[in-house]
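**Q** I'll drop the sequence and a predicted model, then ask my questions.
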Amino acid sequence: MSADVADNVSSRLDTPTNISLSPGGVVSKSLEYKTVSVFLVLLVCGAGIVGNIMVVLVVFTTRHMRTPTNCYLVSLAIADLTVLVAAGLPNVSDSLTGTWVFGHAGCLGITYLQYLGINVSSCSITAFTVERYIAICHPMKAQTVCTVSRAKRIIAGVWIFTCVYCMLWFFLVDIQVGQDGHVQCGYRVKRELYLPIYLIDFAIFYVIPLLLAIVLYALIARILYLSPLPNHPDTSATTLRRSCREASDGGKGGRQGRPKSALSSRKQVTKMLAVVVILFALLWMPYRTLVLINSFVSTPYLDAWFLLFCRTCIYANSAINPVIYNAMSQKFRSAFRGLYRCQRPEGNQRTLSAIQTGLGTLRDPRPGQANGAEEKVRRTASGPDVKQNGGHQEETRSPDETEETSRPQFKQENI
């Protein structure tokens, strides 16, 4: 090991670094490393910034996308944007210049935003995991608990709590200047003081959310796959839903398709969110494991290429969620296409109204086609027949109307 590398390593023993760490040694100064580092960071962060902005725009501009689950996904998208901007872009300048160029204020602010985005991402994932559990395992309670207004309040509470919690980092980081004049944004406290803080952060925002997700998704899978809701007439929730459907459908056979559609939709949404949680665990594992090990060993492992791999995994975690939504959700795919074509929700509403008007026009002439003269006389001469006829028409339309009125029950699955 050269003297420069040894000095770099020894200077970092008491200053564990965050995700904006810059590796020391000859490798990090090579043209090959700088080229690969800048290319990967710009590619992943650029794609992630565009994708997460699209998620936010889709939910804000499309009425049927404003569901409780999607509110949590918007919070996750904003947190991922914060990570990509505050952690990814400073690494580009650090790779190009080899030193910290944002000064003391930049060190404090960027580190604060990094941990804010990381912790809000974890809390948002935990929030939509709990929301899925309540929606599927406790459907009666979900009608009052899993609402958009409550989701907004929970998200506001998460951001307020995390903003206050992350203020701790203002007192932990500072500019570090090495003997060779190399400037970096590092921690001002000794490793003995930093270790308990990191372990608490590691437990609250990584270990506990993952353990909770494993337990809740296991319970969800048991309900959806081992004992689906429509097959349990004993439960009060299922009995109530069935009785409501039977009353509104008039005992017709068309009602059998609705539970299957709702169950299929719930499974699809749950699969998508489970994939988000799994990727969060896997892509954060290299960096979390590295920092945990380096906190205990006497000589930290700071290989430049492995550090680049860890950082790229973090950026990929923040960038990949919109890809998952597009791949696994028909609703998001359609909404993304609407953004590409610059379609507005009002245009879609007008199209839907035109279709409904056309269907109504096609439906109205039917009674008169069989016997136009007799039908006209009957409408004008017989009052009771008109009511009976009207009642018949309402009865023939009831399946369509029932389908329209039953949709809000499954609104939270439309993701």
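**A** That came through, no problem. Residues are numbered from 1 along each chain as shown.
**Q** switch to C-alpha atoms for all contacts and neighbour counts from now on
**A** OK.
**Q** need the helices for the stretch 201-350 of the chain, in chain order.
**A** Along the stretch 201-350 of the chain, counting by DSSP state H, counting those that start in this stretch, helices occupy 208-221, 236-249, 257-294, 304-328, 330-340, 345-363.
**Q** Can you dump the C-alpha atoms of the first one in PDB for me?
**A** Looking back up the chat, that one is helix 208-221. The C-alpha trace of helix 208-221 is given here as PDB (Å, rounded to 0.1, in the frame of the first residue of the first chain):
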ATOM      1  CA  ILE A 208     -37.700  -2.800  11.300                       C
ATOM      2  CA  PRO A 209     -39.400  -1.800   8.000                       C
ATOM      3  CA  LEU A 210     -38.200  -5.000   6.300                       C
ATOM      4  CA  LEU A 211     -39.200  -7.200   9.200                       C
ATOM      5  CA  LEU A 212     -42.600  -5.500   9.300                       C
ATOM      6  CA  ALA A 213     -43.000  -5.900   5.500                       C
ATOM      7  CA  ILE A 214     -42.200  -9.600   5.700                       C
ATOM      8  CA  VAL A 215     -44.800 -10.300   8.300                       C
ATOM      9  CA  LEU A 216     -47.500  -8.200   6.700                       C
ATOM     10  CA  TYR A 217     -47.000  -9.500   3.200                       C
ATOM     11  CA  ALA A 218     -47.100 -13.000   4.600                       C
ATOM     12  CA  LEU A 219     -50.500 -12.300   6.100                       C
ATOM     13  CA  ILE A 220     -51.600 -10.700   2.900                       C
ATOM     14  CA  ALA A 221     -50.500 -13.700   0.800                       C
END
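**Q** Check which residues of that helix are buried.
**A** P209, L210, A213, I214, L216, Y217, I220, A221 (16 or more other C-alpha atoms under 10 Å).
**Q** try the longest one
**A** Taking 16+ other C-alpha under 10 Å as the neighbour-count basis, helix 257-294 is seen to contain the buried residues 259, 262-263, 265-274, 276-277, 279-281, 283-284, 286-287, 290-291, 294.
**Q** And the fourth one, by the same measure?
**A** Of the residues in helix 304-328, those buried by neighbour count under the rule 16+ other C-alpha under 10 Å are 304, 307-308, 310-322, 325-326, 328.
**Q** Does the nearest residue to H104 once chain neighbours are set aside belong to a helix, a strand or coil?
**A** Distances taken as C-alpha to C-alpha, 6 or more residues apart in numbering place I175 nearest to H104, at 5.9 Å, with adjacent residues excluded. Under DSSP: H, G, I helix; E, B strand; the rest coil, I175 falls in the strand class.
**Q** Kindly state the pLDDT recorded for I175?
**A** Looking at I175, its pLDDT reads 87.
**Q** quick one: contacts for it?
**A** Contacts for I175 (C-alpha atoms under 8 Å, 6 or more residues apart in numbering) come out as G103, H104, C107, V183, Q184, C185, G186, Y187.
**Q** Please tell me how far the closest residue to L224 other than its chain neighbours sits from A274.
**A** In space, L224 comes closest to K267 once its chain neighbours are excluded; the distance is 6.8 Å by C-alpha to C-alpha, 6+ apart. Relative to A274, K267 is positioned 10 Å away (C-alpha to C-alpha, to the nearest Å).
**Q** Check H138 too.
**A** 19 Å.
**Q** what residue ranges in the stretch 201-350 of the chain score low on pLDDT?
**A** 227-260, 342-350 (pLDDT under 70).
**Q** if you set the cut-off to 80 instead, what comes out?
**A** The stretch 201-350 of the chain contains residues with pLDDT under 80 at 226-263, 265, 339-350.
**Q** Could you verify my assumption that T312 touches V41?
**A** Yes. Taking C-alpha atoms under 8 Å as the definition, T312 is a contact partner of V41 at 6.7 Å.
**Q** Selection in PyMOL covering whichever of the contacts of I175 are buried, please.
**A** Buried members of the contacts of I175, defined by 16+ other C-alpha under 10 Å, are picked up in PyMOL with:
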select buried, resi 107+183+184+185+186+187
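**Q** Show only the entries of the contacts of I175 found in helices.
**A** Counting by DSSP state H, those place G103, H104, C107 in helices.
**Q** neighbouring contacts of stretch 265-285?
**A** So stretch 265-285 is contacted by 125, 129, 132, 136, 206, 210, 213, 217, 224, 310, 313-314, 316-317, 321, 324-325, 328-329, 413-415 (C-alpha under 8 Å, 6+ apart).
**Q** Can I get it in CSV? Just the C-alpha atoms.
**A** The C-alpha coordinates for stretch 265-285 follow below in CSV (Å, rounded to 0.1, in the frame of the first residue of the first chain):
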residue,chain,number,x,y,z
SER,A,265,-56.8,-6.4,-9.0
ARG,A,266,-55.8,-6.8,-5.4
LYS,A,267,-53.3,-9.5,-6.2
GLN,A,268,-51.7,-7.4,-9.0
VAL,A,269,-51.3,-4.3,-6.8
THR,A,270,-49.9,-6.4,-3.9
LYS,A,271,-47.4,-8.1,-6.3
MET,A,272,-46.2,-4.7,-7.5
LEU,A,273,-45.8,-3.2,-4.1
ALA,A,274,-44.0,-6.4,-2.9
VAL,A,275,-41.5,-6.1,-5.7
VAL,A,276,-40.8,-2.5,-4.6
VAL,A,277,-40.1,-3.7,-1.1
ILE,A,278,-37.9,-6.5,-2.3
LEU,A,279,-35.8,-4.3,-4.5
PHE,A,280,-35.5,-1.8,-1.7
ALA,A,281,-34.0,-4.5,0.5
LEU,A,282,-31.7,-5.9,-2.1
LEU,A,283,-30.4,-2.7,-3.6
TRP,A,284,-29.7,-1.1,-0.2
MET,A,285,-28.0,-4.2,1.2
